[in-house]
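Novice: Compute the structure for the input listed below.
(chains A and B)
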Amino acid sequence: MGSFKFRSNHQDFWAGVMFLGLGILAVYLSKDYPLGRAMRMGPGYFPTYLGWGMVIIGAIVGARSFFKDPAPDEVTTKWAVVPLALMPASVAVFALLIDTVGLVIAVLSMLILANASIRNFRPIEFTVNFIVLLCIAIFVFQKGLGVPFNTFWEESLGKALGELFSLVIHPLRLMFGS
Amino acid sequence: MEFFSDIFANLYMGFGVAVSLENLLYCFVGCLLGTLVGVLPGIGPVAAIALLLPTTFSLPPVGAMIMLAGIYYGASYGGSTTAVLVNLPGESSSVVTCLDGHAMAKNGRAGHALAISAIGSFFAGTVCTVIIAFAAPPLAEVALKFGAPEYFSLMVFGLIASAVLARGSLLKALGMIFVGLLFGIIGTDVNSGMSRFTFGLPGLSDGIGFVVIAMAFFGLGEIIKNLETPDDQRQVFTDKVAGLMPRWIDIKDSAGAIVRGTALGAFFGTLPGTGPVVASFSSYAVEKKVAKDNSQFGKGDIRGVAGPESANNAAAQTAFIPTLTLGIPGSGVMALMLGALMIQGIAPGPQVMTARPDLFWGLIASMWVGNLMLVILNLPLIGMWVQLLKVPYRMLFPAILLFMCIGTYSLNNSIQDPLLMAFFGVVGYAFMKFGCEAAPMLLGFILGPLMEENLRRALLISRGDPSVFFTRPISLAFLVLAFASLLIVVLPAVRKKRDEAFQGDE
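Specialist: Down below sits the predicted model:
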C-alpha cells in the first residue's frame, strides 16, 4: 500500500491509458482544424480543449494507480478473447455479405461464427435457431418493416460480379493484353 | 385556478391523443416488445430500446414516441421479472429487486413478488404522471428564457451530476463523459462545414449514429462480457409461478413502502444522472431503516421488492421532466429518447410543449396508459415470459446479435453502421474491462454537439469573454450546483455514504 509501484492488474492504469491515448489523438487530429478565437470558435476549438481535458483526466487516473493497490473490484479480470474476436467478426461478416449474397447466406455465416464461441456445438439447436431467426428476418424485417434485403443473390450478385469485372478483371486483361 | 384548469384541459387533450386506436396499438406493441426484450437476461433497457428503435422510424412522431415509451416501461418491467425469477439483473436498477425478489421466488412466492412489483409500479406511474403534468409546464416556461450561456452551464451541471451519481470512480465517469463528447462531434462541423475525425471515411461525415454507439456499448459489449462465463454455469429458476393474484395482506404490508418508494423515485428521477439506480438503492435502504422488524430483508421481505420497484418506476417516469422540458437527458435511456426525437425531426427543448402539444401531452397520457397496459398484460402473460427465460443464453445471444446487425443496417440501409458497431463493441468491452461505465459516455455523446453549439453562441454574444457564464445568475447557479455536487463526492464523509448506498447491503 502507498508505495510507488507499477500495478499491471489495476483497472485504473489501463483506463488512464485509454483516456490519455484518446485525448492525445484528439489534440493531434485537431491540429488540422482551425482553432479560431473564443469569440469565433473554429472547428478545432472545442475538440482541442476536450482532448486536453482527457489528457489531464487520463494522467490523473493512470497516475493514481501507481500509488494505491486496486480494490477487489478494480482488478482487471481475464479477457474473453474468443468471444471478443468472434462477436465483432460475425457482425462484420453479416455486413460484408448482406448486400452481395443476400440474407440467407449472411445469416448462416453470422450464426456459424457466433456459435463457434460455444464449447459444445449442438447441431439441432443450431438448425432450429437458424430457421427461426431467418424466418423473423424475412417476415418481420424484410417483408414487414421493408428493410431492403436480398433474400439470395438475385440481381445483386450479377451487379457485384460486374463491378468486380470492371474493377479487377477488365484492367488486368487490358494490362496483360489478352 | 387557471393553472389547474389548463393542466386538466391539456391532460384531457393528451388522453384524446393517447387513446386513439392507432396510438393505443403502438403503446400495446411497445409494451409487449419491450417486455419481450427486457425479460431476456443480460439486456437492459438501453440495449432493448436501441434494438427496437429502428422499428419506430416509419411511424409518425407521436406514435413513435408513444411506442418508445411503451418499450421503455416494458423493458424495465421485464427486467424486474428476470431479476425475480433468474436472479440476473438486466439493468443496475434491478439489482436491489434481486435481493428480496429472488429470495421470495426461492420460497415459492415468485407470484407475490411479481404482483406487488406490478402494483407498486402502477401506483408510482400514476402518481408520477400527475407530477409531470404539473411540474413540466412551469419548468418549460423558465427554460424558454434560457440563452446559450444558461444551456451550456445546465449541460455542464447535468453531465457532472451524472458522473457524481454514476457507480464507481468519479474521475473515470468524467473521463467517459469526455469520450462521449468527443465521439459526439465526429462528423461535419455544422458551422464551418469541415469534416472532423472522419479519417477520410465518407460514411462518418454525418457522424456516428447514437443507435450504433448504444448497441455497441450496451449490446455487443455486454454479450462479449456475458460469454466470459461458460453457458452451463447459468442457472434459471423455472419452477411454476403461482399466486399471481396479489393478496390483501401483501398490499397492506407494502403500502407504506410503495408510497415512500414513489416519493424517493419521483425526486431522484428529476435529477440528472442514473436516477432509477439511486432511487431503488435508497428506497431499499430506507425500507430497511423504517421497518420495525428488518430481520427478513434479504431473505424475502415483500417490502424489499415493493419499495425499490416503485422507486424504480417513479424515477423512470419523472426522468422525462428534464428531458422533455429542457432537452437535457438525465440517463442513457433518456439520451436515446432525445435521439429518437431528433430523428423524427423534432428539436428537443422547452418549445416542444408549445409547438407540439399533441406530442407532449399525448406522450404523458400514454405513460399512464402504458403503465395500466403493463399490469393487464404482464400478470396473465407471466407464464409466457417464464417460457422465454428457459431459452438458454447460447441460443439467445446469436439472436440478439442478428437483431443488432439488422437494426444497425436498417438505420441507413448501409453496411457501414454494422461495421462501426463491431468496432465500437470492442472499444466498449475494453472500457467495461477497465471499470468504466458506459452510461455517462452516452450522455456526453448526445450532448456533445449541443454543448459545442451553445458554447460557441455564448462566447459570440459575450465577444469571447468567458465571464458570461458567471455573470448571468441562472448560469452561475447551475455552475455552483455542478461545483457543489463535485465537492460533495470529494468530501470523505459523504463519499463513504455514497459507496455504502451503492454497495447495497447484502
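Novice: Please make it C-alpha for all contacts and neighbour counts, starting now.
Specialist: OK.
Novice: which stretches of chain B aren't confidently modelled?
Specialist: Of all residues in chain B, those with pLDDT under 70 make up the ranges B:1-2, B:42, B:87-93, B:166-167, B:230-246, B:272-275, B:492-506.
Novice: And the residue of it closest to chain A?
Specialist: B:G464 (3.7 Å; CA to the nearest CA).
Novice: That residue - that's part of a strand, no?
Specialist: No: B:G464: not assigned to a strand; according to DSSP: H, G, I helix; E, B strand; the rest coil it is coil.
Novice: Quick check on A:V75: phi, psi?
Specialist: phi -80, psi 140 (degrees, to the nearest 10).
Novice: gap between it and chain B?
Specialist: Counting by CA to the nearest CA, to the nearest Å, the gap from A:V75 to chain B is 8 Å.
Novice: Could you tell me which residues of the stretch 301-450 of chain B lie near chain A?
Specialist: Applying CA under 8 Å from any CA of the partner chain, one finds that the stretch 301-450 of chain B approaches chain A through B:394-395, B:398-399, B:401-402, B:405-406, B:409-410, B:413, B:415-416, B:418-419, B:422-423, B:425-426, B:431, B:433-436.
Novice: Select only the buried ones of these in PyMOL?
Specialist: Those of those that count as buried under 16 or more other CA atoms under 10 Å in any protein chain shown are selected in PyMOL with:
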select buried, chain B and resi 394+395+398+399+401+402+405+406+409+410+415+416+418+419+422+423+425+426+431+433+434+435+436
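Novice: and the residues of the stretch 301-450 of chain B next to chain A, which of them are in strands?
Specialist: Using DSSP state E, no member of these sits in strands.
Novice: Sort out for me which of the residues of the stretch 301-450 of chain B next to chain A are in helices.
Specialist: Cross-referencing these against helices under DSSP state H gives B:394-395, B:398-399, B:401-402, B:405-406, B:409-410, B:416, B:418-419, B:422-423, B:425-426, B:431, B:433.
Novice: what's the distance between the residue nearest the centre of chain B and B:E309?
Specialist: With distances taken as CA atoms, centre = their mean, B:V333 lies nearest the centre of chain B, 3.4 Å away. Using CA to CA, to the nearest Å, we find B:V333 at a distance of 17 Å from B:E309.
Novice: contacting residues around the closest residue to A:Y33 other than its chain neighbours?
Specialist: Closest residue to A:Y33 apart from its sequence neighbours, by CA to CA, 6 or more residues apart in numbering or on different chains: A:G44 at 4.6 Å. Contacts of A:G44 were listed using CA atoms under 8 Å, 6 or more residues apart in numbering or on different chains, and they are A:30-36.
Novice: repeat that with 7 Å
Specialist: A:30, A:33-35 (CA atoms under 7 Å, 6 or more residues apart in numbering or on different chains).
Novice: List of residues touching stretch A:66-75?
Specialist: For stretch A:66-75, the external contacting residues (CA under 7 Å, 6+ apart) are A:1-7, A:9-11, B:435.
Novice: can you check stretch A:7-24 too?
Specialist: By CA under 7 Å, 6+ apart, the surrounding residues in contact with stretch A:7-24 are A:51-52, A:54-55, A:58-59, A:61-62, A:65-66, A:70, A:74-76, B:175, B:431, B:434-435.
Novice: which of the contacts of A:G44 count as buried?
Specialist: Buried members of those, scored by 16+ other CA under 10 Å, are A:30, A:33, A:35.
Novice: hang on, the earlier thing: out of the contacts of A:G44, who's nearest B:F268?
Specialist: Nearest to B:F268, judged by CA to CA, of the contacts of A:G44 is A:S30 at 38.3 Å.
Novice: mind checking pLDDT for that closest one?
Specialist: As predicted, A:S30 sits at a pLDDT of 89.
Novice: Need the nearest residue in space to it, chain neighbours excluded.
Specialist: Here the nearest residue to A:S30 in space, its sequence neighbours aside, is A:G44; by CA to CA, 6+ apart that works out to 5.3 Å.
Novice: List the residues that contact residue 40.
Specialist: Just so you know, I chose chain A. Contacts for A:R40 were tallied using CA under 7 Å, 6+ apart; they are B:L460.
Novice: Not quite, go with chain B.
Specialist: B:L40 makes contact with B:L389 under the criterion CA under 7 Å, 6+ apart.
Novice: For it, grab phi and psi.
Specialist: Dihedral pair for B:L40: phi -60, psi 130, per degrees, to the nearest 10.
Novice: From B:F397, how far out is it?
Specialist: Relative to B:F397, B:L40 is positioned 10 Å away (CA to CA).
Novice: And chain A, split by domain according to the record?
Specialist: Domain assignment for chain A, taken from automatic domain parsing, gives A:11-74, A:81-164.
Novice: Comparing those domains by mean pLDDT, which bottoms out?
Specialist: Per-segment mean pLDDT for the domains of chain A reaches its minimum on domain A:81-164, at a mean of 84.
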